[in-house]
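1. Structure for this input, please:
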Amino acid sequence: MPQPHIIQALHIPPVPWRNGGGQTRELLTRPDPTPTAPAAPSAWHLRISLADVDRSGPFSAYPGVERWFCVVTGAGVRLNIDGREQRMDPGSPPLRFSGASHVACDLLAGPTRDLNLMTTSGQGQMLPVEPGRLWRSAVPQRGLFTRIAGTWTGARGARQVLAGQTLLWMDEAAEGTWDFVPDDTGTIAGTGTLAGPPGWWLAYAPETGGANQ
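-> Numbering: from 1, shown residues only. Model (predicted):
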């Protein structure tokens with residue numbers, strides 16, 4: 001049975017944003033990067049990254065890219081997307097928008113860390129983990145990003161203990177339900193409380209219409 005890829009986000013050195021306004025950690029791209037591939041969306045169909053935003057300013061533009069966005073830590077942000085305002089905090093549902101949009105970002109109360117899923121073709125999906133509720137998807141390429149430590153259980157008895165801010169990803173996941181049980185002692189940023197979900201389910205269908213809950 002294929003084993004999941006486990007990527008601990010904070011073990012990956014951050015690199016500057018394309019526009020220099022923040023830093024990002026690239027967790028996963030499909031196809032995998034090669035030494036000769038250009039550092040541009042034309043090199044991938046799927047990209048999952050974790051961004052640190054420490055000051056207000058514009059997002060980088062990604063024409064031809066569909067974006068999913070959620071707040072992992074921090075008070076959150078106020079986004080202005082092509083003139084439409086959207087307030088996002090860790091409890092907000094993931095936001096989907098065009099990478100070609102003009103996005104201005106204002107921090108609500110200090111720095112934030114944000115999860116991004118981008119696609120140049122096919123269909124992506126980002127859903128909050130609901131403790132006690134199993135997740136089922138027919139898409140083989142799918143994963144989990146954790147906010148806090150816990151235990152993931154997949155199909156056919158697969159099981160993995162995960163640290164907080166970790167990506168678990170499978171390119172050929174077996175059919176069946178997934179579950180994530182967060183540790184009772186897990187907290188966000190030492191606050192002793194957890195506002196928002198313990199993680200997010202992620203999926204990518206190369207062909208449109210395959211990512212279903």
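
2. Give me the below-cutoff pLDDT ranges for this structure.
-> Scanning the chain for pLDDT under 70 picks out the ranges 1, 19, 33-42, 184-194, 207-213.

3. who's the most centrally placed residue in the chain bridged to?
-> Geometric centre of the chain, nearest residue: residue 115, 3.9 Å, by CA atoms, centre = their mean. Counting by DSSP bridges, residue 115 is bridged to residue 50, residue 70.

4. From what I see, it and residue 72 are in contact.
-> Yes: because the distance of 5.3 Å satisfies CB atoms under 8 Å, residue 115 is recorded as touching residue 72. C-beta coordinates here come from the backbone N, C-alpha and C atoms, glycine included.

5. anything in contact with each of those two?
-> Taking CB atoms under 8 Å, 6 or more residues apart in numbering as the contact rule, the neighbours common to residue 115 and residue 72 are 50, 145.

6. so which strand or helix has residue 91?
-> Using DSSP states H and E, residue 91 falls within no helix or strand.

7. In three-state terms, label the nearest residue to it once chain neighbours are set aside for me.
-> Spatially, and ignoring its direct neighbours in sequence, residue 91 is nearest to residue 196 (4.0 Å; CB to CB, 6 or more residues apart in numbering). Secondary structure, DSSP: H, G, I helix; E, B strand; the rest coil: residue 196 is coil.

8. contacting residues around residue 196?
-> Going by CB under 8 Å, 6+ apart, the list of residues near residue 196 reads 71, 89-92, 128, 147.

9. Also residue 8?
-> Contacts for residue 8 (CB under 8 Å, 6+ apart) come out as 163, 165-166.

10. let's see 7 Å
-> 163, 166 (CB atoms under 7 Å, 6 or more residues apart in numbering).

11. Backbone dihedrals for it, both of them.
-> Dihedral pair for residue 8: phi -80, psi 120, per degrees, to the nearest 10.

12. Quickly list what it is bridged to.
-> Counting by DSSP bridges, residue 8 forms beta bridges with residue 166.

13. pretty sure residue 134 contacts residue 176?
-> No: with contacts counted by CB atoms under 7 Å, residue 134 stays clear of residue 176, the gap being 9.2 Å.

14. how near is residue 198 to residue 114?
-> Residue 198 is 17 Å from residue 114, where distance means CB to CB, to the nearest Å.

15. give me the element the closest residue to residue 161 other than its chain neighbours is part of.
-> Among residues not flanking residue 161 along the chain, residue 151 sits closest, at 5.3 Å (CB to CB, 6+ apart). Using DSSP H and E, the element containing residue 151 is strand 150-153.

16. Show me which parts of that strand are buried, residue by residue.
-> 150, 152 (16 or more other CB atoms under 10 Å).

17. Quick one: list the elements packing against it.
-> Applying 3 or more CB pairs under 7 Å, 6 or more residues apart in numbering; DSSP states H and E, one finds that strand 150-153 makes contact with strand 159-162, strand 177-182.

18. Thanks a lot, catch you later.
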